[in-house]
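1. I'll drop the sequence and a predicted model, then ask my questions.
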Amino acid sequence: MQKNKFLIVNFHGIGSPMRPLEDGEAHYWISEEQYHRFLDLIAPVKDRVLITFDDGNLSDLEIGAKGLEARELTATFFPLAGRLDEEGSLGSVHLRELLGLGHKIGSHGYDHVSWKHLDDASARRELVDAKARLEDCTGEKITEAAIPFGQYGRSTLERLKFNGYERVFSSDGGGYSGTPYPIPRWSVRADTSQEAVALFLSGRESIVRSLRRSLAKAKKQIL
């Protein structure tokens, strides 16, 4: 068994969606009751757990931030620049409100597409234009990114570094070993149990599982 120093729990939508969902996206929406139960498990170990939110759903503010504030927790929110101010999604004023509450804002790209095989024009839109729009909306420098779908390769990470992202979050799972490229997260899903969250927060996993994660992550970074 191995104990990790830092763990990152990632959320997506909470409650009832207020926009049409993409294929497969419903699996990552959890109930409000689940969310609060999970936060109650996180709060006692908050000194070694980071919290993130992907996609920029309006529930991030209306449910997510309120739950965090009640437990004196903070998070980093990764909205999609292309969804800003659309129905069911966060708007510019919401991003500034989150910053005012002590949270951080990063980029999840522009159009919610895979970053693994971007051509130059698409890479500019996802990594440069999205960053610029978020900076314009928040008045803050954007230095962190969350990779959509956990899909990346060596060229993805190189482009992110070149475009000024200091920390990049993936969906590789496991603990945070200190490297900022990428930082692994564990995403909760609609079928995630309290027992599963508690096990993850214990910071322990088998050597076999840890090796499998490390090999999968290494394979992504050399392709």
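-> Everything's here; your move. Numbers count the residues shown, from 1 in each chain.

2. remind me which residues of this protein are low pLDDT?
-> 1-4, 205-223 (pLDDT under 70).

3. so what's residue 40 up against?
-> Residue 40 makes contacts with residue 71, as judged by C-beta atoms under 8 Å, 6 or more residues apart in numbering. Heads up, the C-betas are built off the backbone N, CA and C, glycines and all.

4. which secondary structure element contains it?
-> Counting by DSSP states H and E, the element that carries residue 40 is helix 32-42.

5. Not counting its own residues, what contacts the helix or strand following that helix?
-> On the C-terminal side of helix 32-42, the closest following helix or strand by DSSP H and E is strand 49-55. The list of residues contacting strand 49-55 from outside it, by C-beta under 8 Å, 6+ apart, reads 6-13, 42, 60, 64, 68, 73-80, 83, 89, 108, 112, 146, 148, 169, 176, 185, 187, 201.

6. Would you mind listing the residues in contact with the closest residue in space to residue 137 that isn't next to it in sequence?
-> What sits nearest to residue 137 in space, not counting adjacent residues and going by C-beta to C-beta, 6 or more residues apart in numbering, is residue 92, at 4.0 Å. For residue 92, the contact set (C-beta under 8 Å, 6+ apart) comprises 84, 85, 137, 138.

7. try 10 Å
-> Counting by C-beta atoms under 10 Å, 6 or more residues apart in numbering, residue 92 touches 84, 85, 133, 134, 136, 137, 138, 139.

8. Give me the buried subset of these.
-> Buried residues within those, counting neighbours by 16 or more other C-beta atoms under 10 Å: 84, 133, 134, 137, 138.

9. So the third one: helix, strand or coil?
-> Same thing as residue 134. Using DSSP: H, G, I helix; E, B strand; the rest coil, the secondary structure recorded for residue 134 is helix.

10. I'd assumed residue 79 was in contact with it.
-> Yes. Under the contact definition of C-beta atoms under 10 Å, residue 134 touches residue 79, with a separation of 7.2 Å.

11. what residues are shared contacts of these two?
-> By the contact definition C-beta under 10 Å, 6+ apart, residue 134 and residue 79 are jointly contacted by 56, 95, 105, 106, 107, 108.

12. Okay, and which of those residues map to helices?
-> Among those, the members falling in helices (DSSP state H) are residue 95.
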